[in-house]
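> I'd like to go over a predicted model; first the sequence, then the structure.
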Amino acid sequence: MNKSITTIFLATALTTHIFSQEMKQTSSPVETETRFLSLVEMESDPAKQVELIKFFISQFPKYANMPAVYAQLQEQYNRLGKWQESLETGAKLIASNDRDIDTIRRNLLAARGVKDAVLIRQWDDRLTELTREPEGTVTATSTVNTPYVEEPVEIASTGGPVITTRMRAQLEVTMFNRAIEETDPVRRLSLIQQFMSEYPESVHAASAGYLRFTALRDTGDSNAAVAAAEAILTKDQSREDVLLYVAARYLGEKRELPRVADLCLSAMNAVNARQKPENMDDVAWSQHKDAVLFQSQWILGLTQVALADLPAADRSLRAALTVAKPGDENIPSILNAVAWVNYKMKRIPEAIRLYSQCTANSSVGPACRQSVASIKNEYGLQ
């Protein structure tokens, strides 16, 4: 089987919707805060991280270690070159601890960013003052103060704020969208599995299951991807890429061949019944449908060959050729397969004609030329 048929599949676009129903609370406030901050840490885009941090601050104003959150926010502002926002955030940190050297360094960087000579001098002097080595000899009994003493963070004893239904819904949507936007399949898989664990009864459960399948497929974990795909197919037969993924895998393993044929037919029915997505133009949608029909007919034809249903295989493989994109590298392989089917059905002139069409191809050409010669020799043809 040509390798490309088991590896090329079309991704169906996902769309997300804000919740219109209330959900049952299943996590404590502290767990929710920790998980959300883990989500923030996984975000590599500083602009997106800023938005997540700002959302966290608005929803968890009583978080016990808020200075650390503001410090992370200021760090991202500096990375983005948003110097004024950095200075405003730094002012809040200095108000709670005017000896925080890290904040002062960030303030100095922001002051240099806005090119404010007064601020530059102010923060430079303050940094020098706090980092200057103490005068005199410091011994075990010395009373000389060290330049900086980190004050312990006071931990709130209330356990944090109450998580409202609306707040939980917002966190759910934020986590789900973050998984969708993540381009690295390993990180996407981690995010979506965390989401499914946190929100098992989410209205996005079906889409989350599909997103998990695509992540497993993209990471190359084919066995897990097949299991995830089968879980989807128990409830949803409308995703052509899922149907074709399972069909191609099972055909490659020569198992459940009657079901492979059914999966291909389901994929064709699914794409023909689907309305064009709003975010796809007519040309792209037409290309998508043709690609699905091409892959479905090709896999179906090879399956029918394996099932020894040669007339059906001939029809399916020819149908694949009619929708194949001109110049597709797989066309010679399909021609070779159709020619072999016609040879087995004793349609000798047609078999020779089909074999002759692929003799110039570098991959199957030698085999096709040999087949033509062998048939002519077998039937005494010149």
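Okay, I see it. Residues are numbered from 1 along each chain as shown.
> which one's the longest helix in this protein?
Using DSSP state H to define each element, the chain has its longest helix at helix 282-306.
> low pLDDT regions in the stretch 151-300 of the chain?
151-167 (pLDDT under 70).
> if we can go back for a sec, from the chain's centroid, how far away is the longest helix of the chain?
24 Å (C-alpha atoms, centre = their mean, to the nearest Å).
> next one: stretch 268-285
Worked out by C-alpha atoms, centre = their mean, stretch 268-285 lies 21 Å from the chain centre.
> distance between the ends of it?
One end of stretch 268-285 sits 14 Å from the other (C-alpha to C-alpha, to the nearest Å).
> how does this protein divide into domains?
Listed by automatic domain parsing, the domain ranges of the chain are 237-301+308-321, 329-382.
> and R187, how close does it get to A227?
For R187, the distance to A227 equals 21 Å [C-beta to C-beta, to the nearest Å]. C-beta: built from backbone N, CA, C; applies to glycine.
> neighbour-wise, which of these two wins?
R187 (16 against 12; other C-beta atoms under 10 Å).
> quick one: the more buried one from F195, how far?
13 Å.
> now swap in S362 and tell me
With C-beta to C-beta as the criterion, S362 and F195 are 47 Å apart.
> compare those two (neighbour count), which wins?
F195 (23 against 7).
> residues in contact with the residue nearest to that one when sequence neighbours are not counted?
The shortest distance from F195 to any non-neighbouring residue, by C-beta to C-beta, 6 or more residues apart in numbering, is to M175 (5.1 Å). Applying C-beta atoms under 8 Å, 6 or more residues apart in numbering to M175 gives the contacts F36, L39, L191, Q194, F195, E198, Y199.
> please enumerate the strands of the stretch 201-350 of the chain.
Ranges of strands in the stretch 201-350 of the chain, per DSSP state E, counting those that start in this stretch: none exist.
> number of residues surrounding D262?
16.
> Q237 versus that one, what's the distance?
10 Å.
> sorry, back to before: tell me which other helices or strands the longest helix of the chain touches.
Helices and strands touching helix 282-306, by 3 or more C-beta pairs under 8 Å, 6 or more residues apart in numbering; DSSP states H and E, are helix 3-7, helix 240-252, helix 257-273, helix 310-323, helix 331-344.
> contacting residues around the third one?
Contacts with helix 257-273, where a contact means C-beta under 8 Å, 6+ apart, come from 237-240, 243-244, 246-247, 250-251, 288-289, 292-293, 295-297, 299-300, 303-304, 306-307.
> buried ones in it, by neighbour count?
L257, V260, A261, D262, L263, C264, S266, A267, M268, A270, V271 (16 or more other C-beta atoms under 10 Å).
> contact partners for the closest residue to the fifth one other than its chain neighbours?
Distances taken as C-beta to C-beta, 6+ apart put A247 closest to L263, at 4.0 Å, once the chain neighbours are dropped. Contact partners of A247, counting by C-beta under 8 Å, 6+ apart, are V260, L263, C264, A267, S296, I299, T303.
> apply 7 Å and report the result again.
By C-beta atoms under 7 Å, 6 or more residues apart in numbering, the contact set of A247 is V260, L263, C264, I299.
> one more: T89?
Y70, L73, Q74, Y77.
> most neighbours among those, which one is it?
Q74 (27 neighbours).
> does it touch L87 like I think?
No. Q74 lies out of contact with L87 (C-beta atoms under 7 Å); the separation is 8.7 Å.
> what's the local residue count around E129?
There are 11 residues near E129, going by other C-beta under 10 Å.
> roughly how far apart are it and T89?
22 Å.
> got the contact list for stretch 41-58?
Against stretch 41-58 from outside (C-beta under 7 Å, 6+ apart): 36-37, 39-40, 69, 72-73, 76-77, 79-80, 174, 187, 191.
> now it: mean pLDDT?
In this model, stretch 41-58 has a mean pLDDT of 83.
> got the angle between the helix or strand hosting R353 and helix 331-344?
Here R353 is covered by helix 348-356, with elements defined by DSSP states H and E. Here helix 348-356 runs at an angle of 160 degrees relative to helix 331-344 (axes from the mean of the first three to the mean of the last three C-alpha atoms, to 10 degrees).
> distance from helix 348-356 to the middle of the chain?
With C-alpha atoms, centre = their mean, you get 45 Å for helix 348-356.
> state the mean pLDDT of it.
Here the average pLDDT along helix 348-356 is 93.
> tell me the first helix or strand C-terminal of it.
For helix 348-356, the succeeding helix or strand toward the C-terminus, using DSSP H and E, is helix 365-379.
> report the buried residues of that next one.
Result for helix 365-379 [16+ other C-beta under 10 Å]: buried residues A367, C368, S371, V372, I375.
> quick one: distance of it to the chain centre.
Chain-centre distance of helix 365-379: 47 Å, with C-alpha atoms, centre = their mean.
> and the residue nearest to F195, how far is that from Q49?
14 Å.
> equivalent analysis for Q304, please.
Taking C-beta to C-beta, one finds Q304 at 53 Å from Q49.
> kindly report the same for W83.
17 Å.
> got it, and D124?
The value you get for D124 to Q49, if C-beta to C-beta is used, is 28 Å.
> and A339, what does it touch?
Here A339 is in contact with A351, L354, Y355, S371 (C-beta under 7 Å, 6+ apart).
> spatially, what comes nearest to it if we skip its sequence neighbours?
Per C-beta to C-beta, 6+ apart, closest to A339 is L354, 3.6 Å.
> that neighbour and V338 touch, don't they?
Yes. Assessed by C-beta under 7 Å, L354 is found in contact with V338 at 5.4 Å.
> what about the strands in the stretch 51-200 of the chain?
Going by DSSP E, counting those that start in this stretch, the stretch 51-200 of the chain shows no strands.
> isn't N336 right up against P366?
No. The criterion here is C-beta under 7 Å, and N336 misses it with P366 at 11.1 Å.
> coming back round to it: next, the buried residues of the longest helix of the chain.
Within helix 282-306, judged by 16+ other C-beta under 10 Å, the buried ones are 288-289, 291-305.
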